[in-house]
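A.B. asks: Predicted model and sequence below, questions to follow.
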Amino acid sequence: MNSQPEAARESAPIVHADLPPTMSAIVQDRYGSPEEVLRLERVPAPRPEGDQVVVRVHAASIHVGDLVAVRGEPMVARVATGLTRPKQRIPGTDVSGTVAAVGDTVTQLRVGDEVFGWCSGAFSEYVSDSEERFVPKPANLTLAQSAAIGVSASTALQLLRGRVQPGARVLINGASGGLGSFAVQIAVALGADVTGVCGSANVETVRTLGAAHAIDYTQHDFTEGTERYDFILDNVGNHSLGRTRSVLTEHGVLQSNNGTAGGRWFGTLGTVLHTAVASWFTKRQAPPSIKFSNRPDLLELRALIEAGSVSPLIDRAYPLAEAASALSHVGRGHARGTVLIAIGSQGTGARP
């Protein structure tokens, strides 16, 4: 990573590097299961314009939104992703890599910088987007680890920041997944006493993340226990809102993260509406919250990581050519932490 101070970096000369005419990328022209609709193809490589940088991708990671965009389900999501076919032909959002070229008005990044961030079309050898969407990677992480930060860590930070006070008793339902594993660590960093709910195989992992207590949901139902919590982040939604709120303290708050299950047409929209209505009648139910990645949060996460408070939990990495298998693994709902797609030094599986 280039460690040059920001002021000096702004006055540094901008350099354009040679880029190949084409690149390998995962593409889709219709919605469906990953195995049915995704294929590896040669496509034109991007060129930077204005404030854009081109990043040679080292790794990308998968979050649940990527799966929704590939499947086109729930159908209501197609209002954003494309009614009859995907607007974005190359899927993927979270990414890490090395800056390969910069546009004429780029001031904060230089060719050769190792960065992480978010963009469109991450499942490819090169991506291009505004420099505001990329920041230098944490000094104590590899490029592959840095790809796992993205949407999951940003969402966890935004859901917990300002709501969790030092000494608070916090429960994270779904503590071992991509978002949950970051949430446990961020809550601990905020000074909370954290309880993580997960499956049998992940109890020790959740404790390793810093949770003072871990509940195996196959053995114990946290809504039937005697413990009370000041804040609950529910990433699963496997209990009714009222039942989950029953284990809050008098002034405790439940933040529902919408869950992951739902019908083909509307997904978890019913849960979202139910949550909104409940929040009108009780302050113990937080309203639905839609979060987006942004540069200040990436910088705050980088600081937490470099301080040793947060570290990505990586499930496994797939080569680019096996992106469909990676998405299906996430779709089965049992990933431990974040699933990566290795693209850079590990190869795409189909280089010419």
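C.D. replies: That came through, no problem. Residues are numbered from 1 along each chain as shown.
A.B. asks: what separates the residue nearest to residue 20 when sequence neighbours are not counted from residue 130, distance-wise?
C.D. replies: Spatial nearest neighbour of residue 20, chain neighbours left out: residue 45 (5.3 Å); criterion: Cβ to Cβ, 6 or more residues apart in numbering. Every residue, glycine included, has its C-beta placed from N, CA and C. From residue 45 over to residue 130 the distance is 18 Å, taken as Cβ to Cβ, to the nearest Å.
A.B. asks: Which of those two has more residues huddled nearby?
C.D. replies: Shown here are residue 45 and residue 130; by other Cβ atoms under 10 Å, residue 45 has more neighbours (21 against 16).
A.B. asks: which strand is the longest one in this protein?
C.D. replies: strand 52-62 (DSSP state E).
A.B. asks: How far does it sit from its chain's centre?
C.D. replies: Relative to the centre of its chain, strand 52-62 is centred 14 Å away, using Cα atoms, centre = their mean, to the nearest Å.
A.B. asks: which helices and strands does that strand pack with?
C.D. replies: With contacts taken as 3 or more Cβ pairs under 8 Å, 6 or more residues apart in numbering; DSSP states H and E, strand 52-62 sits against strand 94-102, strand 126-130, helix 143-146, helix 323-331, strand 338-342.
A.B. asks: what packs against whatever helix or strand comes next after that strand?
C.D. replies: Next in sequence after strand 52-62, counting helices and strands by DSSP states H and E, comes helix 64-71. Using 3+ Cβ pairs under 8 Å, 6+ apart, the elements in contact with helix 64-71 are helix 34-37, helix 323-331.
A.B. asks: still on that earlier bit, for residue 224, which of the helices and strands packed on strand 52-62 is the nearest?
C.D. replies: Comparison of the helices and strands packed on strand 52-62 against residue 224 by Cβ to Cβ identifies helix 323-331 as nearest, at 29.7 Å.
A.B. asks: Assign residue 244 to helix, strand or coil.
C.D. replies: helix (DSSP: H, G, I helix; E, B strand; the rest coil).
A.B. asks: all strands of the stretch 101-250 of the chain, in order?
C.D. replies: 114-118, 126-130, 134-136, 169-173, 193-198, 213-216, 229-234, 248-256 (DSSP state E, counting those that start in this stretch).
A.B. asks: Between those strands, which one is closest to residue 278.
C.D. replies: Nearest to residue 278, of those and by Cβ to Cβ, is strand 248-256 at 8.8 Å.
A.B. asks: For the residue nearest to residue 246 when sequence neighbours are not counted, give me its contacts.
C.D. replies: Spatial nearest neighbour of residue 246, excluding adjacent residues (Cβ to Cβ, 6+ apart): residue 223 at 6.4 Å. By Cβ atoms under 8 Å, 6 or more residues apart in numbering, the contact list for residue 223 reads 239, 243-244, 246-247.
A.B. asks: let's see it at 6 Å
C.D. replies: Contacts of residue 223 were listed using Cβ atoms under 6 Å, 6 or more residues apart in numbering, and they are 239, 243, 247.
A.B. asks: Could you do residue 23 as well?
C.D. replies: Contacts of residue 23 by Cβ under 6 Å, 6+ apart are 45, 124-126.
A.B. asks: Need the max-distance pair from these.
C.D. replies: Pairwise over those, using Cβ to Cβ, the maximum falls at 45 and 124, 8.6 Å.
A.B. asks: May I have the helix or strand residue 315 falls within as CSV, with CA atoms only?
C.D. replies: Here residue 315 sits within strand 314-319, counting by DSSP H and E. C-alpha atoms of strand 314-319 as CSV (Å, rounded to 0.1, in the frame of the first residue of the first chain):
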residue,chain,number,x,y,z
ILE,A,314,-13.3,-16.0,5.7
ASP,A,315,-15.3,-19.1,4.9
ARG,A,316,-13.5,-20.2,1.7
ALA,A,317,-12.4,-18.9,-1.7
TYR,A,318,-13.5,-20.1,-5.2
PRO,A,319,-11.8,-19.4,-8.5
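A.B. asks: in this structure, which segments are predicted with low confidence?
C.D. replies: Residue ranges of the chain with pLDDT under 70: 1-17, 75, 258-270, 345-352.
A.B. asks: about what we covered before: so the longest strand of the chain versus strand 94-102, what angle?
C.D. replies: Orientation note: strand 52-62 sits at an angle of 160 degrees relative to strand 94-102 (axes from the mean of the first three to the mean of the last three Cα atoms, to 10 degrees).
A.B. asks: What residues sit buried inside strand 52-62?
C.D. replies: Of the residues in strand 52-62, 52-62 count as buried by neighbour count, 16 or more other Cβ atoms under 10 Å.
A.B. asks: what does that strand rub up against?
C.D. replies: Residues contacting strand 52-62 (Cβ under 6 Å, 6+ apart): 46, 48, 92, 94-103, 106, 109, 122-123, 125-128, 130-131, 143-144, 147-148, 150, 326, 330, 338-344.
A.B. asks: my read: residue 148 touches residue 311, true?
C.D. replies: No - with contact defined as Cβ atoms under 6 Å, residue 148 does not count as touching residue 311 (9.4 Å).
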